[in-house]
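J.: could you look at this predicted model? Sequence included:
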Amino acid sequence: NSGYILTLRIHPDEVPEVIMRDFVGARYMTVMVRLNEEEKPMNREQELAKDMVRVSGMLCRDSKFWDFLHESNEIIEKSEKEATTWLKGYLHVESRADIAKSQKAVEKMLGLKQEFASWKDRNG
């Protein structure tokens, strides 16, 4: 038998009376969704897009990312400015914030992140 046991506690004030009056052994289904900062169900695609905007900023400030781009002949000067300029051209966006507005840019960013991680694994 595999799986997890989940214990659920619900405050009595939040349980509808009809459930409290139901017969012992009645079965119910529950659904879990991750909540965002506003305590509303999270939209995974929007959160991923926001994450890729943050990742793009981190990459462009990472000197190892500069090495990765330089070794791939994508940039000449190893700098944040060069990396940022290259990334915006590569993703076809005006600014890194625009990544969140384009599913294609998000997908390319995911691929680039993976490529860079693999390169880092090989190059220490």
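T.: Yep, that arrived. Residues are numbered from 1 along each chain as shown.
J.: quick one: secondary structure of the closest residue to residue 102 other than its chain neighbours?
T.: Setting aside the residues directly before and after it, residue 102 is nearest to residue 93 in space (Cβ to Cβ, 6 or more residues apart in numbering), at 6.6 Å. Just so you know, the C-beta spots here come from the backbone N, C-alpha and C atoms, and that holds for glycine as well. Following DSSP: H, G, I helix; E, B strand; the rest coil, we place residue 93 in the coil state.
J.: ok, the one 4 residues further on next?
T.: The three-state label for residue 97, taken from three-state DSSP, comes out as helix.
J.: now do it: how many residues are near it, please.
T.: In terms of burial, residue 97 registers 12 neighbours under the definition other Cβ atoms under 10 Å.
J.: now the residue nearest to residue 30 when sequence neighbours are not counted: how far from residue 44?
T.: Once its chain neighbours are removed from consideration, residue 30 has its nearest residue in residue 8; the separation is 6.9 Å (Cβ to Cβ, 6+ apart). When Cβ to Cβ, to the nearest Å is the yardstick, residue 8 and residue 44 sit 23 Å from each other.
J.: swap in residue 124?
T.: 33 Å.
J.: who has more neighbours, those two?
T.: Between residue 124 and residue 44, counted using other Cβ under 10 Å, residue 44 has the larger neighbour count: 10 against 5.
J.: okay, the more buried one and residue 50: tell me how far apart.
T.: Between residue 44 and residue 50 the distance is 11 Å, computed by Cβ to Cβ.
J.: and for residue 75?
T.: With distances taken as Cβ to Cβ, residue 75 is found 26 Å from residue 50.
J.: neighbour-wise, which of these two wins?
T.: When residue 75 and residue 50 are compared for neighbours, residue 75 comes out ahead with 20 against 15, by other Cβ under 10 Å.
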